[in-house]
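> sequence? don't have it. structure:
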């Protein structure tokens, strides 16, 4: 007897295609794993620059490396003309075979769970251009449409012949407009349209849900908060602390328990400037390690790093030496980042506004004390398992840093409470929330899942 077909659900690869991960990429990846856990036949729709090809091997190669060569000019012109003529009817996705002929082990940690991969050349750039010109979503045609298309980001796209739901993580460009570079008028119009036309809106905290209802006017019954999943593979979490300390010392010259850590993008929303001021004013020992890419206005956030007082003179073995108070790392591979988190005295995450605040929860899962904000989603996510302060109040940040530094009992309490709090956002609980949402939309999980 032929087993019943599994329900097909798709998500987009908008953030999954980035060279280095982001919080939204982690969200999309964890969503794909939840789909797989629930027994759905999972498809991922990408929008890479690689031009389509009739040869499936070339399509597979181009998915992992777009430098497969330029097609003849006549073919490019033909494709462009066909695209112009057919755009009103929607862009058509092309299947990407992932057969193993291309050795993709390098990408293993970045790939989502998938049963099918599809691609439309430059899909996401096309969608933004289409919205700028026409003010409407670009339609996408998927052969044999899935029962559900879950867009993991507010994108002006709509799959034809299926239900379309969208995750709006936060409305920071509207709540803190001075912290982003978005065209606010266009962002507002696009999100209002998505809120009006979507079959459902998904978000990741009650704080974001309130914003979506209040600022975009979406009816309460059409917005569901599923939170996010926090998941770090046991291969990283089970490493003995002695090995963690040795790796941190060997890689960065840092002593476990002797440094403080921030990880995330360096941008105004993350409040890095106030964090640096508070850390320097606290007078605590050990450097502050900042791991993150410089984004817009990062020079303003990091301006104190280039002043003389970020270095201190210390007596070591009878010799006066210079010790750095701030260490900036553009990037750390995931394994090293996990070890940096585990070895930190505490993680500082005083963000001005977060839709969810995954870095704080990742640190808590690893048993590292956390100092974070009392704004937006952070209180509902961290509960009483982290120290929360007003992120605009530098004095409050100073006091929190000194409290954690000087009170071993407080550090022990936070370290013990963190993993329990993080367990509320486990992959299993997240999958259950996704399952309930999809079932309400008429797409229950596969039998036996």
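Great, that's in hand. Quick caveat, the model's predicted, so the values are computed rather than measured.
> from here on, contacts and neighbour counts on C-alpha atoms
Fine.
> From residue 205, how far off is residue 442?
Distance of residue 442 to residue 205, computed by C-alpha to C-alpha, to the nearest Å: 23 Å.
> now do residue 360
14 Å.
> Of these two, which one has the most company?
Set side by side, residue 360 and residue 205 show more neighbours around residue 360, with 28 against 24, by other C-alpha atoms under 10 Å.
> what helix or strand is the more buried one on?
helix 358-365 (DSSP states H and E).
> helices and strands of this protein: which one bottoms out on pLDDT?
strand 311-316 (a mean of 44; mean pLDDT, DSSP states H and E).
> okay, residue 294: pLDDT?
You'll see residue 294 listed with a pLDDT of 74.
> low-scoring stretches of the stretch 1-150 of the chain, by residue?
The stretch 1-150 of the chain contains residues with pLDDT under 70 at 1-4, 18-21, 67-89.
> can you map out the strands along it?
8-12, 41-46, 91-92, 94-95, 116-119, 138-141, 148-151 (DSSP state E, counting those that start in this stretch).
> Now do the second one: which elements does it pack against?
Here strand 41-46 touches strand 8-12, helix 23-37, strand 116-119, going by 3 or more C-alpha pairs under 8 Å, 6 or more residues apart in numbering; DSSP states H and E.
> tell me the most buried of these?
strand 8-12 (a mean of 25; mean count of other C-alpha atoms under 10 Å).
> Give the pairing partners of that strand; include direction for each.
Sheet neighbours of strand 8-12, with direction, are listed as strand 41-46 (parallel), strand 148-151 (parallel) (DSSP bridges).
> Export those to CSV and append columns for mean neighbour count and distance to residue 121.
What follows is those, written out as CSV (neighbours: other C-alpha atoms under 10 Å; distance: least, C-alpha to C-alpha, whole Å):
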stretch, mean neighbour count, distance to residue 121
strand 41-46, 23, 8
strand 148-151, 24, 17
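> list the contacts for the one residue sitting closest to the centre of the chain?
Computing the C-alpha centroid of the chain and ranking residues by C-alpha atoms, centre = their mean puts residue 23 first, at 1.2 Å. Counting by C-alpha atoms under 8 Å, 6 or more residues apart in numbering, residue 23 touches residue 358.
> With distance to residue 428 added, can I get the helices and strands packed on strand 41-46 in JSON lines?
JSON lines is the format used below for the helices and strands packed on strand 41-46 (distance: least, C-alpha to C-alpha, whole Å):
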{"stretch": "strand 8-12", "distance to residue 428": "18"}
{"stretch": "helix 23-37", "distance to residue 428": "8"}
{"stretch": "strand 116-119", "distance to residue 428": "23"}
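> Can you pull out the low-pLDDT segments for the stretch 301-449 of the chain?
Looking at the stretch 301-449 of the chain by pLDDT under 70, you get 301-323, 447-449.
> For the closest residue in space to residue 401 that isn't next to it in sequence, grab phi and psi.
In this structure, residue 401 finds its nearest non-sequential neighbour in residue 282, 6.7 Å apart by C-alpha to C-alpha, 6 or more residues apart in numbering. When read as degrees, to the nearest 10, the backbone of residue 282 gives phi -70, psi -30.
> Could you report the pLDDT at residue 282?
Value for residue 282, per-residue pLDDT: 95.
> so what's residue 167 bridging to?
Going by DSSP bridges, residue 167 forms beta bridges with residue 202.
> pretty sure it contacts residue 151?
Yes: Residue 167 lies in contact with residue 151 (C-alpha atoms under 8 Å); the separation is 6.3 Å.
> Report the contact partners of residue 216.
191-192, 195 are the contacts of residue 216 under C-alpha under 8 Å, 6+ apart.
> Would you map the helices across the stretch 301-449 of the chain?
For the stretch 301-449 of the chain, helices defined by DSSP state H, counting those that start in this stretch occupy the ranges 334-343, 358-365, 378-382, 394-406, 408-422, 427-440.
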